Structures are given as C-alpha cells and as structure tokens.
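[1] Mind looking at a prediction? Sequence and model below.
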Amino acid sequence: MTQDELKTLVGQAALQYVVPGEIVGVGTGSTVNKFIAALATMKDRIPGAVSSSVASTRLLESLGIRVFEATEVDELAVYIDGADEIDGQGYMIKGGGAALTREKIVAAQSRRFVCIADESKLVQQLGRFPVPVEVIPMAARRIARQFAALGGTATLRQKDGQPLVTDNGQHILDVAGLAIADPLGFESEVNQWPGVVTVGVFAHQKAAVCLLGTASGVRTLSY
C-alpha cells in the first residue's frame with residue numbers, strides 16, 4: 001500500500017470521530033486533505049468547520065463545507081490533524097506545513113485531538129524531525145543562538161529564495177539535532193523565549209487518539 005493510500009485510509013477512518021451536529025476542527029497538510037475529502041461526504045450532517053490554515057479553508061470551501069472563524073466558536077468537540085512525529089504518549093512535533101500556531105490554537109479550543117498519520121511518523125523519542133518554531137523575524141538570530149546552546153541547529157525556512165512568511169506574517173526556524181526527552185518541559189521553556197510565537201512541540205495539546213495507517217490497515221492508539 002502506498003503512502004498516499006495510507007493517508008486516504010486514515011482520513012476516512014477519522015470520520016467516526018466527527019460529532020454530527022457539531023463544528024469540527026480541521027488541521028493542515030496532505031493527510032488532512034484526505035480527511036477533508038472524506039468529510040465532504042457527510043457535510044450535510046455538520047454545521048461546518050474551523051480551519052487552521054488558509055490552504056485548508058480554501059479546500060473546505062471548494063467542497064461546500066462552511067468555515068467558521070475560531071472567534072465565532074466557544075469550543076469544538078474534536079480537532080483532526082496530522083503530525084510530523086508522534087510518540088508513545090501522544091506528544092507530537094507539528095509545523096512542517098507552517099501552520100503550527102493556528103493548529104495549536106484550534107487544538108486548545110477542542111475537547112479531543114485525533115491525530116491521523118502513517119506509521120512512519122511514530123517514534124520512540126521526538127526530535128528526529130526538525131522542530132519548527134514560529135518566530136517574530138527580529139528575534140530569529142537570537143533564538144537560533146539559544147537553540148545552539150541546547151545543541152540544536154536552527155535554519156530559517158525558505159520559500160523561493162526568500163524567508164517563508166506564515167499565515168500570521170512571521171518566520172519559521174527549523175531546529176535539527178534535538179532529542180526531546182521531556183516534551184512538556186521543552187514546550188513550556190521555548191514558548192517563554194521572547195520572540196517565539198509558538199514551538200511545534202504539541203505536548204500540552206497532545207493527541208487523545210492516533211489513527212495510524214499501516215500496511216495491514218488502520219491501527220488505533222489511545223493515550
């Protein structure tokens with residue numbers, strides 16, 4: 001089974017966690033795009049979605065699913081999103097698609113986080129995937145030095161030869177070389193550094209369930 005087929009499989013499996021009659025939180029990325037396509041098959045059973053990125057909003061609307069602003073909704077029953085890495089406790093690294101801040105906001109607004117991923121994303125310890133950190137541009141060099149002091153190498157993410165600009169108008173540092181033994185402590189520490197918008201470690205907003213696409217089908221991990 002190809003990686004694309006695994007993504008389709010978990011995207012469809014996530015439908016069982018959508019609560020009819022309630023607005024659903026929707027993440028960002030190629031796996032989430034498969035979920036959005038599946039969600040369109042039951043769009044008449046939900047009021048709509050809150051989206052974590054401009055790209056997901058466009059796809060949702062193109063399929064006839066109403067998109068609400070996060071400010072219009074007090075609480076979401078479920079947030080469904082992918083991950084770049086997820087460990088055995090449901091802690092994740094996210095932000096490969098540059099939407100980490102909005103993803104974390106919508107996750108915090110939701111009662112339950114359902115992660116959808118293929119089995120290559122399951123790791124023993126977070127850090128093999130470079131940790132994305134959304135930063136205010138004027139602080140980027142100093143924050144890179146702070147990561148260097150922790151043993152990490154921070155690289156400013158580029159697009160078309162220029163620093164990538166997020167949906168929030170900020171930049172992203174990708175930090176390689178970290179082994180994150182304490183995701184909760186790491187997230188708390190880095191989020192306090194001046195100039196950090198958010199760090200792509202999702203420990204305080206961890207997954208409650210992970211639907212993992214494997215060659216033998218969807219494996220459900222509960223935390």
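    On my side now, so go ahead. Note that this is a predicted model, so its numbers are computed, not measured.

[2] List the strands paired with the helix or strand containing residue 210, with their directions.
    Using DSSP states H and E, residue 210 sits in strand 209-214. Next to strand 209-214 in the sheet, as set by DSSP bridges, lie strand 113-118 (parallel), strand 217-222 (antiparallel).

[3] mind checking which of these is nearest residue 169?
    Nearest of the strands paired with strand 209-214 to residue 169, taken as CB to CB: strand 113-118 at 25.9 Å. Heads up, the C-betas are built off the backbone N, CA and C, glycines and all.

[4] Okay, residue 158 and residue 147: tell me how far apart.
    Using CB to CB, to the nearest Å, residue 158 is found at 18 Å from residue 147.

[5] For the residue nearest the centre of the chain, give me its contacts.
    Computing the C-alpha centroid of the chain and ranking residues by CA atoms, centre = their mean puts residue 94 first, at 4.5 Å. Contacts for residue 94 (CB atoms under 8 Å, 6 or more residues apart in numbering) come out as 81, 82, 83, 84, 100, 103, 104, 132, 200, 202.

[6] one more time with 6 Å
    Neighbouring residues of residue 94 by CB atoms under 6 Å, 6 or more residues apart in numbering: 83, 84, 100, 103, 200, 202.

[7] rewinding a little: now the strand holding residue 210: mean pLDDT?
    On average, the pLDDT along strand 209-214 is 96.

[8] same thing with stretch 69-88?
    On average, the pLDDT along stretch 69-88 is 97.

[9] ok, and what's touching it?
    Counting by CB under 6 Å, 6+ apart, 14, 17, 19, 22-23, 25, 27, 29, 31-32, 35, 50, 92-94, 96, 103, 106-107, 109-117, 121-123, 126, 129, 210 sit against stretch 69-88.

[10] Stretch 140-158 too?
    Against stretch 140-158 from outside (CB under 6 Å, 6+ apart): 135, 163, 164, 171, 172, 173, 174, 175, 176, 177, 178, 195.

[11] Recalculate using a threshold of 8 Å.
    Applying CB under 8 Å, 6+ apart, the set of residues contacting stretch 140-158 is 98, 130-133, 135, 163-164, 171-178, 193, 195-196.

[12] Pull the distance from the one helix or strand residue 11 maps to to the chain's centre.
    If you go by DSSP H and E, residue 11 is part of helix 3-13. A distance of 17 Å separates the centroid of the chain from that of helix 3-13, by CA atoms, centre = their mean, to the nearest Å.

[13] Please apply the same query to stretch 72-89.
    For stretch 72-89, the distance to the chain centre is 7 Å (CA atoms, centre = their mean).

[14] For it, list the C-alpha coordinates in CSV.
    The C-alpha coordinates for stretch 72-89 follow below in CSV (Å, rounded to 0.1, in the frame of the first residue of the first chain):
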residue,chain,number,x,y,z
GLU,A,72,-17.2,32.5,16.4
VAL,A,73,-17.0,29.3,18.3
ASP,A,74,-16.5,28.7,22.1
GLU,A,75,-15.5,25.0,22.0
LEU,A,76,-15.0,22.2,19.4
ALA,A,77,-15.8,18.6,20.1
VAL,A,78,-12.9,17.3,18.1
TYR,A,79,-9.8,18.5,16.2
ILE,A,80,-8.4,16.3,13.5
ASP,A,81,-4.9,16.9,12.2
GLY,A,82,-1.7,15.2,11.1
ALA,A,83,1.7,15.2,12.7
ASP,A,84,5.3,15.1,11.6
GLU,A,85,6.2,12.9,14.5
ILE,A,86,4.2,11.3,17.3
ASP,A,87,5.5,9.3,20.3
GLY,A,88,4.0,6.6,22.6
GLN,A,89,2.4,9.2,24.9
